[in-house]
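Student: When you get a sec, could you give me coordinates for this:
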Amino acid sequence: MSQNRRAILTTMLFGILGIALIALAIGDMLIGTTDVPLTDVWASLTGGATSEEYRTIVTTLRLPKVIVAIIAGMALSTSGLLMQTLFRNPLAGPYVLGISSGASLGVALFTLATPLAAMWAGTPMAALGTAGMAWIGSAVVLVAVMALSRRIKNISVILILGMMLGSTISAVVGILQYIGTEESLKAFVVWTMGSLSNVTIDNLYVMLPMTITGLLLAIAVIKPLDMLLLGESYARTMGLRVTLSRSLIFLSTTLLAGTITAFCGPIGFIGLAIPHLARMTFRTASHRILMPATMLWGAVAMLLCCVVTDIVARNGVMLPVNTITSLLGIPIIIFVVLRNRNSK
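Tutor: Numbering: from 1, shown residues only. The predicted structure is shown next:
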C-alpha cells in the first residue's frame, strides 16, 4: 500500500471513529428509562427552551455519565497500550498485571478499614481520599511488577506473577470485607460492580485533571514507546533515557488506571482489548497513530457499553458496566491469542 493511500485510509478511520463517538454520545443522552427527544437534548445543552425535567435529566444525569465514559475509555485503553509496549507482551494490561487490583486494595483500605470514608461521606475529601488510596495501591503494584521485570526476563513469568499478586490482593480485600461494617461493605460491593453513573460533578473536578495529566504524559512518551518496542538496548543506543521514560510511563499508568478504578470501580478488559483493536484496524505499530487511535477506540467502546446498559435498563434490569466490557473484550482477546498462535 502506498504511503498516500495509507494516509488517506488512516484519516478516514479517524473520521469514522469521530462520527461514531459523537453519535454514541448523543444516543446515550437520548436513551434511558426516560426517553428525551433530540430537540430537548439540544435545548438542554445550549440553554434553549425545554422542560425542567428534561434539562435535569440531560445536564445533571446523562451528560456527566457521557463525559465519564469518554474519559474512562480513553484512560483505560491508553494505560493498556503503555503496559503492552513497556513489557512487549500482548496480554499485558492494568487488569492482568494486578494494577487495578492494587487500586481496589487502596479503595478497600479507605472504605472498609478506616473511619475516614464515613466521616467524609458526601464531601470533596471523600473523593480525594478514595483517589489518593487508589493511586498509592496501583503505584505499589506497578513498582513491584517493574522490579520483578528487571530480575526476571521471561515476560510470561511476569504475567503469571502479576496475576498471582492480583489474586493475593483479592484475598486481602476479602478479609477487609469480612471485618468491615454493614454500611461500608454495602458501599464497597456496589463500587466493585463498576458504574459510570455514580460519578458526580464534584468527583469530576478531581477525576478530570488527573486523567488529563496521565493522557498528556502518555502523549509525551510516544517517541520513547516506539524505541522501546525494539528493546531497551536499542533504545539506549539511540540516546533514549530509559529510566526517565519508564518513570513517565509508570506515572501515567498510575494516574490513568488508579483514577478510573477509584471513581468507576474495577472495569476489566478495556485496557487489555482496545489497543489490539486499534492495531487491527489501523494496521500500524507507530504510536504516533496508535496512541490517538487507542484513545478514540476506548471512548467509543465505553460509550457503546453505556448505550447497551441503558437499553437493557429500559426493561428494568440494571447491569454493571463491567459485565458489558467483559463481553466486548473477551472475544477480542481470544482472537488475538489464536492469531498469535497460528502465526508461529
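Student: give me every residue that touches the residue positioned nearest the centre of the chain.
Tutor: Nearest residue to the geometric centre of the chain (CA atoms, centre = their mean): Leu76, 2.0 Å. Counting by CB atoms under 8 Å, 6 or more residues apart in numbering, Leu76 touches Pro94, Leu256, Ala257, Ile260, Ile267, Ile270, Gly271, Ile274, Gly298, Met302. From N, CA and C alone the C-beta is placed, and that goes for glycine too.
Student: Quick check, the last one in contact with Ile67.
Tutor: No: in this structure, Met302 is not within contact of Ile67 by CB atoms under 8 Å, at 11.0 Å.
Student: Could you report the separation of the closest residue in space to Leu176 that isn't next to it in sequence from Phe263?
Tutor: Sequence neighbours aside, Leu112 is the residue nearest to Leu176 in space, at 4.4 Å (criterion: CB to CB, 6 or more residues apart in numbering). In this view, Leu112 and Phe263 are 17 Å apart by CB to CB, to the nearest Å.
Student: Among those two, which residue is more densely surrounded?
Tutor: Phe263 (27 against 20; other CB atoms under 10 Å).
Student: helix/strand/coil for that one?
Tutor: helix (DSSP: H, G, I helix; E, B strand; the rest coil).
Student: got it, and Leu196?
Tutor: At Leu196 the chain is in coil, as set by three-state DSSP.
Student: got the CA positions of stretch 48-58 in PDB?
Tutor: Extracted C-alpha coordinates of stretch 48-58, given in PDB (Å, rounded to 0.1, in the frame of the first residue of the first chain):
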ATOM      1  CA  GLY A  48     -32.700  26.700  24.900                       C
ATOM      2  CA  ALA A  49     -36.400  26.300  25.900                       C
ATOM      3  CA  THR A  50     -37.300  22.900  27.300                       C
ATOM      4  CA  SER A  51     -38.900  21.400  30.400                       C
ATOM      5  CA  GLU A  52     -37.000  21.500  33.700                       C
ATOM      6  CA  GLU A  53     -37.400  17.700  33.900                       C
ATOM      7  CA  TYR A  54     -35.600  17.100  30.600                       C
ATOM      8  CA  ARG A  55     -32.900  19.700  31.400                       C
ATOM      9  CA  THR A  56     -32.200  18.000  34.800                       C
ATOM     10  CA  ILE A  57     -32.000  14.500  33.100                       C
ATOM     11  CA  VAL A  58     -29.600  15.700  30.400                       C
END
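Student: Give me the more crowded residue out of Met302 and Ile67.
Tutor: Met302 (33 against 17).
Student: now that we're looking at that one, which residues does it contact?
Tutor: Contacts of Met302 by CB under 8 Å, 6+ apart are Ala69, Ile70, Ala72, Gly73, Leu76, Leu196, Ile270, Val321, Thr325.
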